[in-house]
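Visitor: Got a sequence here, can you model it:
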Amino acid sequence: MTKYKVSLTSEERAGLERLVSVGKTAARKLTHARILLLADTAGAEKTDEEIAAVLAVSLPTIGRVRQRFVSEGLEAALNHRPQPPRPDKIKIKGGVEQELIRLACSDPPEGRCRWTLCLLADELVALGLVASVSPETVRQALKKTTFGPGSSKSGAFRPRPTPRSSGGWRT
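Guide: From the prediction side, this is the model:
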């Protein structure tokens, strides 16, 4: 693996030391700042193994921070890169979502008083709409619909009657 040399300017070093001393930012950002300070060639440069032992981080993390500093700059090395959206991972969308809502609104199978998430997931697989799906995925798909208990429209869930806890006011 290629080892990237970190050489900080005096302004970058001062800024990182100020960031670490204040300590009022995200823990990941502070850790990356400490990695850069310890890996700086201008100071007493430490090996990756020593940095890993001092900061309790993995060697690949140190390598990634070094690489991002050299190739992309200080801000890129400090800040978290967000995960890209993964539209291919969404299993329930469009027609499958409509079928799921239709199923959830229909009568439950024989011997059941209501649909459960597991039953809905199994039914989607049995109908051949998806190859496999977890109950959590079904829950998230139903949650993102505008229909739910307590809404004025009955949609994915049927409203339940609320019992009265007390009679009228007694005077």
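
Visitor: hey, where'd the strands end up in this protein?
Guide: Remark: no strands are assigned in the chain by DSSP state E.

Visitor: Quickly list the domain ranges of it.
Guide: 10-78, 88-143 (automatic domain parsing).

Visitor: Residue ranges in the protein under the pLDDT threshold?
Guide: 1-2, 43, 146-171 (pLDDT under 70).

Visitor: Recalculate using a threshold of 90.
Guide: The model of the chain has pLDDT under 90 over residues 1-4, 23, 41-47, 80-95, 109, 130-131, 140-171.

Visitor: So for residue 4, which of the domains of the chain sits nearest?
Guide: Ranking those by proximity to residue 4 (CB to CB) places domain 10-78 first, at 4.0 Å. Yep, even glycine has a C-beta here, placed from its N, CA and C like the rest.

Visitor: can you pull the contacts of residue 50?
Guide: Going by CB atoms under 8 Å, 6 or more residues apart in numbering, residue 50 touches residue 38.

Visitor: re the thing from before, how about CSV for the domains of the chain, with distance to residue 4 added?
Guide: Putting these into CSV (distance: least, CB to CB, whole Å) gives the following:
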stretch, distance to residue 4
domain 10-78, 4
domain 88-143, 32
